[in-house]
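In: Need the 3D shape of this:
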Amino acid sequence: MAGGEWHRNIFDFYTLDGATRLATFLESWTGGRLVVNVAEMPIKCPVAPLEFLFLADSYFHQKGMRDRVELV
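Out: Numbers count the residues shown, from 1 in each chain. Down below sits the predicted model:
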C-alpha cells in the first residue's frame, strides 16, 4: 500500500500528515468507493476505523454527495 499511490489515493488517518492529506483529498473528491483497510495488528485504537466511517458518512451527507459514495 505504500507504493506510488501513497498520499495520492491511499491515506492513513493515524498521523497528522496522513490525516491532513486525506482531508485535502476529500475536499475535491467527487465520490466513488472509500475503503477502510486495517493493515496492522494489533490496532492502536480498535474503534478508530469504525469512528472514521461514521464521520465520513456524516461528512458526505453534509456535502450532499452521500449517494455517490460507497463506504467499505
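In: what's the helix or strand for residue 12?
Out: Using DSSP states H and E, residue 12 falls within no helix or strand.
In: end to end, how far does stretch 27-41 reach?
Out: One end of stretch 27-41 sits 30 Å from the other (CA to CA, to the nearest Å).
In: Run through who's touching that stretch.
Out: 1, 49, 52, 53, 56, 65, 68, 69, 70, 71, 72 (CB atoms under 8 Å, 6 or more residues apart in numbering). Any C-beta I mention is one placed from the backbone N, CA and C, and that applies to glycine too.
In: farthest-separated two in the residues you listed?
Out: 1 and 65 (25.1 Å; CB to CB).
In: Show me which of these two is the more surrounded one.
Out: residue 65 (13 against 9; other CB atoms under 10 Å).
In: show me the contacts for that one.
Out: With CB under 8 Å, 6+ apart, residue 65 has these contacts: 30, 31.
In: and with 7 Å instead?
Out: The contact partners of residue 65, by CB atoms under 7 Å, 6 or more residues apart in numbering, come to residue 31.
In: can you check residue 13 too?
Out: Residue 13 touches 19, 22, 52, counting by CB under 7 Å, 6+ apart.
In: hmm, try it at 10 Å
Out: 19, 20, 21, 22, 23, 36, 48, 49, 51, 52, 55, 56 (CB atoms under 10 Å, 6 or more residues apart in numbering).
In: SS state for the most far-flung residue of the chain relative to its centre?
Out: In the chain, counting by CA atoms, centre = their mean, residue 42 sits farthest out from the average C-alpha position, at 19.4 Å. Here residue 42 takes the coil state, with states given by DSSP: H, G, I helix; E, B strand; the rest coil.
In: pLDDT on stretch 49-57, on average?
Out: Stretch 49-57 comes out with an average pLDDT of 94.
In: do stretch 17-33 as well
Out: 95.
In: Could I get the buried residue list for it?
Out: Residues of stretch 17-33 classed as buried by neighbour count (16 or more other CB atoms under 10 Å): 21, 22, 29.
In: The residues you listed in helices, which ones?
Out: Using DSSP state H, the subset of the buried residues of stretch 17-33 located in helices is 21, 22.
In: Just the closest of the buried residues of stretch 17-33 to residue 14, please.
Out: residue 22 (10.6 Å).
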